[in-house]
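>>> Model the structure of this input:
(one chain, ligands or ions: 2)
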Amino acid sequence: MTAPNENRFDVVIAVDGPAASGKGTIARALAAHFGLPHMDTGSLYRAVGFAVLRAGGDPADAALATACARTLDVKMLDDPALRESTTARAASVVSAHPEVRAALLECQQAFARQPGGAVLDGRDIGTVIAPDADLKIFVTASLDVRAKRRQAETPERDYAVVRANLAERDARDSGRDAAPLRQADDSILLDTSDMDRETAIARAIALAEARLAEKAGLR
Ligand SMILES: Nc1ncnc2c1ncn2[C@@H]1O[C@H](COP(=O)(O)OP(=O)(O)O)[C@@H](O)[C@H]1O
Ligand SMILES: Nc1ccn([C@@H]2O[C@H](COP(=O)(O)OP(=O)(O)O)[C@@H](O)[C@H]2O)c(=O)n1
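Ligands and ions are numbered 1, 2, ... in the order given. Okay, the predicted model is just below:
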């Protein structure tokens, strides 16, 4: 691991993109490379969705989802149940409620503002959570490629079902009024459809190194 930044100045990196695009892989690699803390913001929404399902509720119930967001137990964030496709769907439904997003805003912004900086990945990091981020990367890949990658994590699942679930979630995430999934105007598009993990990570690190060198030169 190299630490070219060495906290001479704060570095905030925003990584956004659709479901299973590889944004978490890239965000974790950037965080390790620069010695920065990383937040997977999707796990917050997954935890809220899971809490609603566990309470026997409907993720479309804004009042219940908001109550779950306001009382979120951070211990839940490592629960393997969060990775289930039913939880992912519930996350996508609860995340469309503006009150749920409001309840989760402060902890994400505080994470982004910590001394030294941070890497966050999600859907609205570059647009809402950290609009002044030093580097914004919008990671994408074709739906077919993303579905293959997600299915490879759980090969027992049917490819067509995995693909349909991702497409449904992308449509909901992009179509909602509250902080929809969209590429920030000042972000760099990284289409990894034809890149393996190592190539995609190397490309993201090169982008970040270039941005940091530019920022250092401006000081
Ligand atoms: N460029 C890539 N090539 C092949 N597989 C990848 C690539 N990027 C990520 N993956 C794999 O695809 C899956 C989804 O990646 P992940 O980083 O979890 O995506 P996201 O955070 O966008 O949901 C993981 O199993 C990951 O190892
Ligand atoms: N910053 C974020 C992160 C996730 N989400 C929601 O949470 C769901 C799960 O996010 P995730 O990042 O864990 O999903 P994957 O891309 O890993 O499949 C998404 O489908 C979005 O609906 C969001 O609205 N805003």
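
>>> What is the neighbour count of residue 86?
Using other C-beta atoms under 10 Å, residue 86 is surrounded by 13 other residues. To be clear about C-beta, it is placed using only N, CA and C from the backbone, and glycine gets the same treatment.

>>> Wait, it touches residue 53, no?
Yes - counting by C-beta atoms under 8 Å, residue 86 touches residue 53, with 6.9 Å between them.

>>> Does the closest residue to residue 151 other than its chain neighbours fall in a helix, a strand, or a coil region?
Excluding the flanking residues, the one nearest residue 151 by C-beta to C-beta, 6 or more residues apart in numbering is residue 162, at 4.6 Å. Classification of residue 162 by DSSP: H, G, I helix; E, B strand; the rest coil places it in helix.

>>> check contacts around residue 162.
85, 147, 150-151 (C-beta atoms under 8 Å, 6 or more residues apart in numbering).

>>> switch the cut-off to 7 Å
Going by C-beta atoms under 7 Å, 6 or more residues apart in numbering, residue 162 touches 147, 150-151.

>>> Between the residues you listed, identify the one with the most neighbours.
Per-residue neighbour counts (other C-beta under 10 Å) across those peak at residue 147, which has 23 neighbours.

>>> quick one: which helix or strand includes it?
helix 143-153 (DSSP states H and E).

>>> buried ones in that helix?
Across helix 143-153, burial judged by 16 or more other C-beta atoms under 10 Å covers 143, 145-147, 149-151.

>>> Indicate whether it makes contact with ligand 2.
No - applying C-beta under 6 Å from any ligand atom, one finds helix 143-153 separated from ligand 2 by no less than 7.1 Å.

>>> One more: stretch 33-44?
Yes - counting by C-beta under 6 Å from any ligand atom, ligand 2 is contacted by stretch 33-44 at 41-42.

>>> Could you pull out the strands in this structure for me?
With DSSP state E as the criterion, the chain has strands at 11-16, 38-40, 117-122, 135-140, 188-191.

>>> Off-centre distance for the second one?
In terms of C-alpha atoms, centre = their mean, to the nearest Å, the gap separating the centre of strand 38-40 from the centre of its chain is 8 Å.

>>> Which elements pack onto it?
Using 3 or more C-beta pairs under 7 Å, 6 or more residues apart in numbering; DSSP states H and E, the elements in contact with strand 38-40 are helix 23-34, strand 117-122.

>>> Most tightly packed of those?
Burial of the helices and strands packed on strand 38-40 is given as mean neighbour count (mean count of other C-beta atoms under 10 Å); strand 117-122 ranks first at a mean of 27.

>>> Pull up the pairing partners for it, direction included.
Using DSSP bridges, strand 117-122 pairs in its sheet with strand 11-16 (parallel), strand 38-40 (parallel).

>>> for the longest one, which positions count as buried?
Neighbour counts using 16+ other C-beta under 10 Å place 11-16 of strand 11-16 among the buried residues.

>>> swap in the shortest one?
Along strand 38-40, the positions that meet the burial threshold by neighbour count (16+ other C-beta under 10 Å) are 38-40.

>>> What of stretch 124-139?
Burial within stretch 124-139, assessed by neighbour count using 16+ other C-beta under 10 Å, is assigned to 124-130, 133-139.

>>> Is it positioned near ligand 1?
No - contact of stretch 124-139 with ligand 1 (C-beta under 6 Å from any ligand atom) is absent, the minimum separation being 6.6 Å.

>>> Show me what that stretch is in contact with.
Residues contacting stretch 124-139 (C-beta under 7 Å, 6+ apart): 11-17, 21-23, 26, 41, 108-109, 112, 120, 179, 182-184, 186-190, 192, 204, 207-208, 211, 215.
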